[in-house]
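Engineer: sequence and predicted model, in that order:
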Amino acid sequence: MRNADLVARGLKSVWHPCTQMKDHETLPLVPIRRGKGVWLEDFESNRYIDAVSSWWVNLFGHANPRINAAIQKQISELEHVILAGFTHEPVVNLSERLIEVTPKGLNKCFYADNGSSAIEAALKMSFHYWKNQGRPGKKNFVNLSNSYHGETLGALALGDVALYKETYKPLLMEVLTAPSPDAYNKEAGETDEAYALRQFEAMEKLLEEKHEEICAVVVEPLIQCAGGMRMHHPVYHTKLRQACDRYGVHLIADEIAVGFGRTGTLFACEQSGITPDFMCLSKGLTAGYLPLSVVLTTNDVYNAFYDDYETLKAFLHSHSYTGNPIGCAVALATLDIFRDDNVIEKNRRLSACLAESVAHLADHPNVGDIRQHGMTLAVEMVKDKASKTPFPWQERRGVRVYQHSLTREALLRPLGNVVYFMPPYVITEDQIRHLAQVATEGINIAVRD
Ligand SMILES: *Cc1c(COP(=O)(O)O)cnc(C)c1O
């Protein structure tokens, strides 16, 4: 098989996600035959470092031997079983382990099979909790500007990225939006922390005025990933936790992207020292192997549903593959690797290397910002450095960086004008330096004319 054969066949039968298919008249699909560690390889021995962890999911490389072994072991025992009325060892083990490693106070695990579905479940649970408490008037949700929570209708309604949302607006529930603490927008001379505190005032005011009708505030702690890898200071969530307690509003932490070490701690909430009422996890949960997601919540929430059947307080929500045993076995293997290999500790060196390797870009005339939380680093290309004027989106300069990266053994897939690295944790320092080099070349090409 040659690359071109598979590409031609694929274009006849596959509708690709998040893609204007017409782009593939000029931008060839990249057919991948196999993966190994950070490398993706095509049918003609070209290879690419997966700098974006295949959309932020992969943690320990492709075809990881330990995870492969866990799958093989599980698949020979039990591939799947209904999780209503039945249970199995992987889901019990995983729930115990997740409760152990997540912030104290999260005591129950509810499973779904992708990130958006976890968000949907958390929204329904929060609303239903208040209803079960005799507070049906609490039915609104608060999000942050520029947020992203997935693309099923409920999750899409909760997001605020116009590119994904605008078209479907007539179909979506209304939400209340508070301004994000995104440090990119701070004043010159202002610290990230001061800006986060200043932005929090609007959230406080919104909660004060409308808490009677609000179920929950939903946040992506520390990094708004799909919103362009925009980052903020953890103090925002410390304040938000206090305010949610004061006003009787749930806090939903969407750690689908940032969980499992991306921000430098196992979970981003740790950096604010908080326990949310709901924590949604997916993506890294299975180290990039299988679709699985989970909503962790408190005993308080759980107990509000716990009653005689006739009261109709139960949470009657399910997905066919809820708590799939193979997915759970992979998640357990993932947690084993974190523990046995001291991953969070070792990543500190890689994070420092990421920072060093792009430090030279700080003076680049078309770089408006370099920002980082742990294992996620982003470089924002701008038309004018002083005013941070963006390049018009129609110019699609990020695509030029992407195209260049493919010629240099790297998969960098910018979000608009934001070039970022979110690599698997098995990457080496030399590979990081190579990515930084490729990104620099790509940016130089992209900003021309
Ligand atoms: C990816 C993502 C989701 C949605 O997860 P899917 O599995 O793609 O449905 C939700 N929230 C955040 C922050 C994400 O990055």
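Structural biologist: Structure received.
Engineer: would you mind naming what in the stretch 251-400 of the chain lies close to the ligand?
Structural biologist: Contact residues, the stretch 251-400 of the chain versus the ligand (CB under 6 Å from any ligand atom): 254, 256-257, 282. C-betas here are computed from N, CA, C, even on glycine.
Engineer: can you tell me which of the residues you listed lies closest to residue 417?
Structural biologist: Of all those, residue 257 has the smallest distance to residue 417: 19.3 Å, by CB to CB.
Engineer: that closest one and residue 280 touch, don't they?
Structural biologist: No. Distance between residue 257 and residue 280: 10.1 Å, which falls outside the contact criterion (CB atoms under 8 Å).
Engineer: list residues touching both of those two?
Structural biologist: Common neighbours of residue 257 and residue 280, counting by CB atoms under 8 Å, 6 or more residues apart in numbering, are residue 115.
Engineer: looking at these two, which is more packed in?
Structural biologist: residue 280 (32 against 27; other CB atoms under 10 Å).
Engineer: by neighbours, which of the residues of the stretch 251-400 of the chain next to the ligand wins?
Structural biologist: residue 254 (32 neighbours).
Engineer: what's in contact with stretch 395-402?
Structural biologist: Outside stretch 395-402, the residues that reach it (CB under 8 Å, 6+ apart) are 27, 381, 391, 412-419, 439, 442-443, 445-447.
Engineer: ok now that stretch, how far from the chain's centre?
Structural biologist: Its chain's average C-alpha position is 22 Å from that of stretch 395-402, according to CA atoms, centre = their mean, to the nearest Å.
Engineer: stretch 101-112 too?
Structural biologist: 18 Å.
Engineer: going forward, begin numbering at 16 instead of 1
Structural biologist: Sure, I'll start counting at 16 from here, so that last one is stretch 116-127.
Engineer: now do the same for the one residue in the chain that gets nearest to the ligand: its pLDDT.
Structural biologist: When scored by CB to the nearest ligand atom, the chain has residue 130 as its residue closest to the ligand, at 2.0 Å. According to the per-residue confidence, residue 130 scores 98 in pLDDT.
Engineer: what about residue 402, neighbour count?
Structural biologist: If you count neighbours by other CB under 10 Å, residue 402 ends up with 9.
Engineer: my guess is residue 254 meets residue 215, correct?
Structural biologist: Yes. The pair residue 254 / residue 215 is scored as a contact, 4.9 Å apart, by CB under 8 Å.
Engineer: burial count for the residue lying closest to residue 135 once chain neighbours are set aside?
Structural biologist: If the residues on either side of it in the chain are set aside, residue 135 comes closest to residue 169, at 4.7 Å by CB to CB, 6 or more residues apart in numbering. Residue neighbour count, defined by other CB under 10 Å, stands at 20 for residue 169.
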